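S.K.: Just need the structure, nothing else, for what follows:
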Amino acid sequence: MKSITTLSTLAALLLATNVQANQDVSGFYLGAGVGSTDAELEQDSHSVSPSTDGSTLKFIGGYQFNRIVAIEAQYTSYGKIDPSSQDYAEPKAISLAANLGYTFENGLRPFGVIGLSSLDLNENIKTPGYDETTTAVRFGAGLEYTPAALSGVSLRAGYEADAFAIDAGTASDINVLIGSVYVAASYKF
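M.R.: Sure, this is the predicted structure:
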């Protein structure tokens, strides 16, 4: 009796894997995620990691062409970043990026993200002549899982960041990296 139960369980697992392997992975997807924000500012080999308050919030939309290539747009709100006691920023970014990875037959998909962001620093102290909107390089990596049993639902964990430079009015720029470790869920149509 135990062998029949074991064989039935193995057959069900193999069938589920076979269904996953033949599943069409292309399509539009929408999702949302939350995470933890980190930031780093560097100028003349001096590095500062300002405190962060609040969570990262992400809204994700994209199209997956095949098992390897997807293109996605994201809205990311990084929460509050405090580089000094009087000064703070609440950066928000809109990005367009290539999401490159590989969807394995078991539903796992390691991926990397590379693209561009339009980032608004949204600072509380406004400096005349200073534009707080900039273009940033968006990059990151993560792991996505699409269980066959949940048809269309994907779960992902990753790290993504926006890197850019601020003209400090001195000989060297301030290099800024604002990133987030996050978890997200999405649904593919």
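
S.K.: For the rest of this, base every contact and every neighbour count on C-alpha atoms.
M.R.: Noted.

S.K.: Now do the helix or strand hosting Glu144, average pLDDT.
M.R.: Here Glu144 sits within strand 133-145, counting by DSSP states H and E. Mean pLDDT, computed over strand 133-145, is 96.

S.K.: on contacts alone, who are the packing partners of that strand?
M.R.: Strand 133-145 is packed against strand 108-120, strand 153-166, with contacts defined by 3 or more Cα pairs under 8 Å, 6 or more residues apart in numbering; DSSP states H and E.

S.K.: between those strands, which gets nearest to Gln74?
M.R.: For these, distance to Gln74 was read as Cα to Cα. The smallest value, 8.9 Å, belongs to strand 108-120.

S.K.: coming back round to it: for the helices and strands packed on strand 133-145, could you give me TSV that also reports mean pLDDT, mean neighbour count and distance to Gly35?
M.R.: Output for the helices and strands packed on strand 133-145, formatted as TSV (pLDDT from 0 to 100; neighbours: other Cα atoms under 10 Å; distance: least, Cα to Cα, whole Å):
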stretch	mean pLDDT	mean neighbour count	distance to Gly35
strand 108-120	97	20	17
strand 153-166	96	19	9
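
S.K.: which residues are in contact with whichever strand or helix holds Val183?
M.R.: Assigned by DSSP H and E, Val183 falls within strand 174-188. Residues outside strand 174-188 that contact it (Cα atoms under 8 Å, 6 or more residues apart in numbering) are 27-43, 56, 60, 78, 152-168.

S.K.: Next: stretch 71-84.
M.R.: With Cα under 8 Å, 6+ apart as the criterion, stretch 71-84 contacts 37, 39, 49-64, 88-99, 178-180.

S.K.: same deal with stretch 158-165?
M.R.: With Cα under 8 Å, 6+ apart as the criterion, stretch 158-165 contacts 113, 117, 134-143, 173-183.

S.K.: Filter those down to the buried ones and hand me the ChimeraX line.
M.R.: The following ChimeraX line selects those of the contacts of stretch 158-165 that are buried, judged by 16 or more other Cα atoms under 10 Å:
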select :113,117,135,136,137,138,139,140,141,142,143,174,175,176,177,178,179,180,181,182,183
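
S.K.: wait, Asp120 sits on Pro91?
M.R.: Yes. Judged on Cα atoms under 8 Å, Asp120 makes contact with Pro91 at a distance of 5.5 Å.

S.K.: Identify the contacts common to these two.
M.R.: Joint contacts of Asp120 and Pro91 (Cα under 8 Å, 6+ apart) do not exist.

S.K.: What's the biggest strand in this structure, counting residues?
M.R.: strand 27-43 (DSSP state E).

S.K.: what pairs with the nearest residue to Thr134 once chain neighbours are set aside across the strands?
M.R.: Nearest non-adjacent residue to Thr134, counting by Cα to Cα, 6 or more residues apart in numbering: Leu119, 5.3 Å away. Beta-bridge pairing of Leu119 under DSSP bridges involves Ala93, Thr134.
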